[in-house]
Every structure is written in structure tokens, then in C-alpha cells.
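Engineer: Here is a sequence with its predicted model. Questions after.
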There are 2 protein chains.
Amino acid sequence: MPRLKKNGRGLAVGVVGASGMVGRELLSVLEKSRFPVGELKVFSSGRGAKSVLFRSRRLPLSAPSLAALRGCRLAFFVSSDAVSRRWAPALAASGVWVIDDSSAFRLDANVPLVIPEINASVLRRDRRLVAGPNCTMSGLGLAAAALDRAAGLKDVRAASYQAVSGAGLSALREFLLQARTVTGRLRAERADLFAPALRSLRPAVLPRAIAFNAVPQVGDFAADGYSREEIKVAAELRKVLRSPRLPVSVTAVRVPTLRGHALAAWLRLKRPLSLARARAVLKKAAGVVMMAAPDYPTPAGCAGRTEAFVGRLRRGASPNEIALWVVSDNLLKGAASNSLQIAQELLRRGWL
Amino acid sequence: MPRLKKNGRGLAVGVVGASGMVGRELLSVLEKSRFPVGELKVFSSGRGAKSVLFRSRRLPLSAPSLAALRGCRLAFFVSSDAVSRRWAPALAASGVWVIDDSSAFRLDANVPLVIPEINASVLRRDRRLVAGPNCTMSGLGLAAAALDRAAGLKDVRAASYQAVSGAGLSALREFLLQARTVTGRLRAERADLFAPALRSLRPAVLPRAIAFNAVPQVGDFAADGYSREEIKVAAELRKVLRSPRLPVSVTAVRVPTLRGHALAAWLRLKRPLSLARARAVLKKAAGVVMMAAPDYPTPAGCAGRTEAFVGRLRRGASPNEIALWVVSDNLLKGAASNSLQIAQELLRRGWL
């Protein structure tokens, strides 16, 4: 094959969006992994940083171009939907493996949407554009897939507690600026002053001020009242589980946390499943850490970890229903480390 | 009656726990209301403040005693379960009306548990100990009661986003100290440092550090895995709705907000109810503000308001199911202003 880019030391790998929140995490997990990166080409849409560090070397960021990207064997896209739409299909068509973390192609019938622990089997050698899931979906997906295999999912309800880093660097900057602006002025004894202090904050990136608030809007709303994020989570869950008609209702809420998306979920099952059995199923599920009660995961406690952490396992409100709490790092299992896992799977199969 | 304490200018009113978070709010709503307070006697368990302000006068706090409390026509208890258990039943037995905001007697079959817009009808002249609801329950209760009347509730699932003020002044102090400790050190560009910064925080009042975190534990856990808060919300909802067998599953989560409890809820109904009709029902419901999409309530936006705010009305995951988002100020509709409403209802009936 003319485009085999494997050199003596490893593969030529591209990262598009290397200076973004997920980009930085991806460089970090690549560095820590044994993935055979030879040459690393880093790209960015332009604003912000001029270079990034990788293996103690400073690499200059350049604007993406098909010519430069074609010099890679594999390219990670961790930028915007628009950037993925512009470059990813052409690049994949030219033979370069593309692992895309944007939402641009996730629901495309010709694009495998992959959480490797669930459905690495959908990878195909001739489908070189591969999508990773929405960062809110991955943890829930791992738990739901395990329970689906054990007792058949009937329907899913989930309320999310999403970290601000999921909205990107500019949202996170806005949040921390708000927190710094207001934190020093707050006194526990003057709860009457909380409302005026918070109402003085003027959001620009997120739809409402997020410091000391909970905002039930992630993306615009569709006609049925669901937000884009809620629709994505539901549709991607159905695709990954291969259950195109699975009823899923999500309420996506941004909360003032930094990294780690949590969900309170209710999973109704088709067949009876004891709590003990559900616990055993989740304990054995790849990529899942089932925490023993009374312990439970929190976003702060799971930051920097690549697994999905499940706790608070209980019976739900109806027979054959499981309630649980799941947390995963939105920048890692929700994005960077899931992408790396996909690359490792391609390598294992000898496709890279 | 020998103990009629109505003087020329108004009633003798006691507030036990007047220097706590809810106590301060209660004094504030009493002051703003037209409730005929003559003499105000304020009590506190001792630590902390020595006096409180009411109508620009500084009132000295004293330790509660039956003798002093008996001098009141009406006493609000906004202190701990232990304080309510010690004084409230004896006081009510002696003829003083007691409006108790603790959880000590809410599920007692002889104690009316009252959200006036829902069930003022359960008040009885010979039951002078009256309980107000858990602060997480009141907003959900108002929405659930309206939909129950319209189409019959089948079951309820709800995930809460509870403000730290709900855990009291010491929890709020701990939270704000944590926020001040860590906020200045956080940089959006260094997401790799979030986890170590947060893990350095050592909680003493709440079970985990709450700054920049979400903690799915409010109270201890029972054998079935549900927390005390979750059990209270479910049991109180059943009592207020007079549906002793209503299946309710709650996941109670503390989030780093200041005041205002929010819930993402799914309400399955026995009979069909269109979204338009559900919206109309909620719009007409007393105590509820139904927000028109795409607007929605947030905790920061509802702080200081006495109503329950409902938004994000959608179809749920199954037929005849409504998903919604409800926010109410935990210190007001969840506590102080609900207690005042009960007192106003007693006054309206001529029982005070």
C-alpha cells in the first residue's frame, strides 16, 4: 500500500484540535500509552496556542490541510463538527484511518460509532472513518449495555450532571471567571445576598451563568422540547446498543463541576434481574468499576480516570427496574481515552 | 381560652431556631408579610448568634423553654429534629399551634403534613402540631399533585440537584471555604490539575468535598440502598398526595449551588394527558409558575422566590409520561414561606 506510514519507530499520527481540552488529554494519554507513535503531527484551527508539548518536545501547531494529514496513517479529530466535516471524509476516503470525536458522523449509517468494550465488532477494515460517542453517553452506555445483555433493556431515563469542561475551554474560562468574581463576596450568613450576587453575572458562552447554578440546557431545543444533547445521547445509545426503537428520555443539565459527567439513571428491564445479579453483571463488565455500597463515585473523585464508575445500585419505581449513578471523565472515557482505545483495537487487528 | 395571646396589635409568635438558615428567612418573610405578629419571641439552641433583627429591632435569643413558649399563640420550629421532638408535642398539647419544619413528625399519622396549595384541607382544629414538608419535596409535590388531579399518577422518578444551604449553615460555610480555597488555583488550561486540587479538600460536615463536585448522598443509606433524604421525599410525597402505595424512586444529589433545589422528574400517568393540557394544568396550579419554553428555571434565578418553577415539559420514555424540571427555593417554599402559608391558613380560618 502506497500510504503505509509506519516507519522504523512507529506510526505517523495526526491530531486535529491538539490544543483544545480533549486534544491536550489525548496527547497525555498517547504519551502514557504504549501506542507506537512515530511522528506526531499536530493541527489546530488557529486561535490560541502556537505549539503543544509531547514527550518533552515542543511541536508547532499548523492549520489542517489534506496534504499534511495524508502523511499520517491515523488521524484523531478532537475539534469541532465543522472541522470534522471539512476534512474527515476525504481523508478517510484516501485511506487514512480517522477517529472522529465530533458529533458530525456518529449517526451516519456508514460510520461505526464505537465504545470498544461494547461494540468493537462493528469496526470494518473498509470503513476508515470511525466515530467516538458523546461524552455524556459513554458511561451510561457501558452500564446500559451490560444490563441489556443480562436482561434486555425496556426503556431508559437519565438525568445528567455535566461538567463545564464538556462545553470546551472558553466555557470553562467563563465559569472560572464567574466563580472567582463571586466566591469572595459570598458569606454563609447572608443567604439573602446570594441571588443578587449571582444575577450580576453575565454569561457569554453558556446560556446562563453556571457558577453556583444548575442549567438544564445543553444545546438548542428541538420542537419536542428535548435539547440537542439529550437527543444525541438517546440516538447514540440506541445505535451503540443496536436497539433502534429503545425508548430513552434524558434530561441534560450543566452543573458547576470541572470534569466528570455523572448521570442518575433508571433502566427498566424486560426480564427479572436481582440487584445482586445486576451488581455482578456490572462488576464483570469491561470498562466499568462497580463500587461497593456505601461507597459511590463523584465527578471530582473520577477525574483523570478512564473507566466508568457505577454506584448507588437500587431497585427502581417499577418491577424489573434498576436505578444507578454512573460517573465517567468526559475528557477521557467520554473522548480522548475512548479514541485511543479505538486506535489500539485497530492496531491489534493489524489494520494500522 | 386562657391562653389566647392575641393582644391589641397581633399575636405572640415564637420562632425556635431563629438564627439558623431557615430561621433568618422566616423572620424575613414574616416581616414582609401582613401576618399580625405582635410580640415575637426568638429562641436558639445556643451556639452562634446572640440576637436577631426583626422590624429593625434587635431581639435577644434565648434557650427554648416550655414556659416561655407557652406564652405564644403560635410557634414555628425551624431547628433540628431533636429540638422539635423535645418541645413540639408538649407545646401543641398545651394548646399552642406548632408549625414544625423538622422531619420529626411529618410521617406521624396524627400530624397533618401540609403544603397549603395541595392539602390545606387536612388541617384540623384539634391537631395543633402541623408539619411542613422536606425542602426537596415541596416543588416536586406541587407539580405532581396538579398532574395527579388531572390524570392520576402511576409512578414517579426524580433526580435532585440540591443546594448546599439545605444542609444548614455549617455545610454552607464548609462549601464556601472550599470554593475560596481552590477557585484561585484553577486554570482552564490545566485540566490535569483539577483532580489533585479537589482531592486536597477535606470535608468535615458533608460526606464528600462539595466544591466543584456532585455528591449522590444526602443522609445515611438504608439497607435497600436509598438514602434518608430519598426515603423522606418518597414517603412525604405519598402522604401529601394521599397515595400510600405510589411507587416513587428518587436519587438525591447535592450539587455546588447555594439556594434552590431542582429536580429532573419523570411522572407516569394513569390516563392520557397531552403536553398542551399538562402545561395548562401546571399553569393553573396554585403555587406553580409554569415557564414558557424555551425559557426554564434555574436555582440561581429562583433564589428568593416563594413559588415552584416548572420548565422543560416533554413527553417521557413511555406512553402517558411527562418529563419536567422543577425548581423551588429550599429555604422558602421548601421551609420558611410554606410554614408562613400554613400560619396564614390557620388565621384565615379563625383558629389563631
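Structural biologist: Cool, the structure landed. Numbering: from 1, shown residues only, chains lettered A, B, ... in the order given.
Engineer: Now residue A:206: closest residue in space, sequence neighbours ignored.
Structural biologist: Leaving aside its sequence neighbours, residue A:206 sits nearest to residue A:171 (C-beta to C-beta, 6 or more residues apart in numbering or on different chains; 5.4 Å). Where you see a C-beta, it was placed from the backbone N, CA and C, and this is true even at glycine.
Engineer: check which helix or strand covers the one you found.
Structural biologist: Element membership for residue A:171 (DSSP states H and E) is helix A:169-183.
Engineer: gap between the very next helix or strand once past that helix and the chain center?
Structural biologist: Using DSSP H and E, the helix or strand that follows helix A:169-183 in sequence is helix A:194-199. In terms of C-alpha atoms, centre = their mean, to the nearest Å, the centre of helix A:194-199 is set 32 Å apart from its chain centre.
Engineer: Whether helix A:194-199 contacts chain B - can you check?
Structural biologist: Yes: using C-beta under 8 Å from any C-beta of the partner chain, helix A:194-199 comes into contact with chain B via A:194, A:195, A:198, A:199.
Engineer: pretty sure residue A:135 contacts residue A:337?
Structural biologist: No: Residue A:135 is beyond contact range of residue A:337, at 11.1 Å (criterion: C-beta atoms under 8 Å).
Engineer: Check the spacing between the closest residue to residue A:46 other than its chain neighbours and residue B:32 real quick.
Structural biologist: Closest residue to residue A:46 apart from its sequence neighbours, by C-beta to C-beta, 6+ apart: residue A:63 at 6.1 Å. Distance, residue A:63 to residue B:32, by C-beta to C-beta, to the nearest Å: 60 Å.
Engineer: and residue A:333, that one's in a helix?
Structural biologist: Yes: the assignment for residue A:333 by DSSP: H, G, I helix; E, B strand; the rest coil puts it in a helix.
Engineer: hang on, the earlier thing: just the buried ones among the residues of helix A:194-199 next to chain B, please.
Structural biologist: Taking 16 or more other C-beta atoms under 10 Å in any protein chain shown as the criterion, what is buried in these is A:194, A:195, A:198.
Engineer: what would those residues look like in a markdown table with pLDDT?
Structural biologist: As requested, these are exported to a markdown table (pLDDT from 0 to 100):
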| residue | pLDDT |
| --- | --- |
| A:194 | 97 |
| A:195 | 95 |
| A:198 | 96 |
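Engineer: from these, which single one is nearest residue A:129?
Structural biologist: The closest of these to residue A:129 turns out to be residue A:198 (C-beta to C-beta; 43.5 Å).
Engineer: For the closest residue to that closest one other than its chain neighbours, grab the count of nearby residues.
Structural biologist: Leaving out its chain neighbours, the residue that sits closest to residue A:198 by C-beta to C-beta, 6+ apart is residue B:300, at 4.0 Å. Using other C-beta atoms under 10 Å in any protein chain shown, residue B:300 has 26 neighbouring residues.
Engineer: any idea how far residue B:300 is from residue B:161?
Structural biologist: Distance from residue B:300 to residue B:161, by C-beta to C-beta: 12 Å.
Engineer: any common contacting residues for the two?
Structural biologist: Residues touching both residue B:300 and residue B:161 (C-beta atoms under 8 Å, 6 or more residues apart in numbering or on different chains) are residue B:257.
Engineer: Domains in chain A, by residue range?
Structural biologist: A:11-133+A:336-348, A:137-162+A:218-330 (automatic domain parsing).
Engineer: and the end-to-end length of the last one?
Structural biologist: This means domain A:137-162+A:218-330. The first and last residues of domain A:137-162+A:218-330 sit 9 Å apart, counting by C-alpha to C-alpha, to the nearest Å.
Engineer: got a list of what residue A:314 touches?
Structural biologist: With contacts defined as C-beta under 8 Å, 6+ apart, residue A:314 is in contact with A:275, A:322, A:323, A:324, B:224, B:225, B:226, B:249.
Engineer: can you do 7 Å?
Structural biologist: Applying C-beta atoms under 7 Å, 6 or more residues apart in numbering or on different chains to residue A:314 gives the contacts A:323, B:224, B:225, B:226.
Engineer: tell me which parts of the stretch 101-250 of chain A are close to chain B?
Structural biologist: A:155-157, A:159, A:161, A:165, A:169, A:172-173, A:176, A:179-180, A:183-184, A:186, A:188, A:191-192, A:194-195, A:198-199, A:208-209, A:212-217, A:221, A:224-226, A:247-249 (C-beta under 7 Å from any C-beta of the partner chain).
Engineer: try 8 Å this time
Structural biologist: So far as C-beta under 8 Å from any C-beta goes, the stretch 101-250 of chain A lies against chain B at A:155-157, A:159, A:161, A:165, A:169, A:172-173, A:176, A:179-180, A:183-184, A:186-189, A:191-192, A:194-195, A:198-199, A:208-209, A:212-217, A:221, A:224-226, A:247-249.
Engineer: Quick check: residue A:156 touching residue A:243?
Structural biologist: No: Residue A:156 is beyond contact range of residue A:243, at 9.7 Å (criterion: C-beta under 8 Å).
Engineer: low pLDDT regions in chain A?
Structural biologist: A:1-8 (pLDDT under 70).
Engineer: Tell me which stretches of it form strands.
Structural biologist: A:11-16, A:37-43, A:51-54, A:57-60, A:74-77, A:97-100, A:129-131, A:153-161, A:248-251, A:261-269, A:288-290, A:308-315, A:321-328 (DSSP state E).
Engineer: now stretch A:284-299, how far from the chain's geometric center?
Structural biologist: Between the centre of stretch A:284-299 and the centre of its chain there are 18 Å (C-alpha atoms, centre = their mean).
Engineer: Any idea what residue A:321 is bridged to?
Structural biologist: Here residue A:321 sits in beta bridges with residue A:268, going by DSSP bridges.
Engineer: tell me the contacts of the residue nearest to residue A:180 when sequence neighbours are not counted?
Structural biologist: Distance criterion C-beta to C-beta, 6+ apart; nearest residue to residue A:180, sequence neighbours excluded, is residue B:183 at 5.5 Å. By C-beta under 8 Å, 6+ apart, the contact set of residue B:183 is A:176, A:179, A:180, A:183, B:211.
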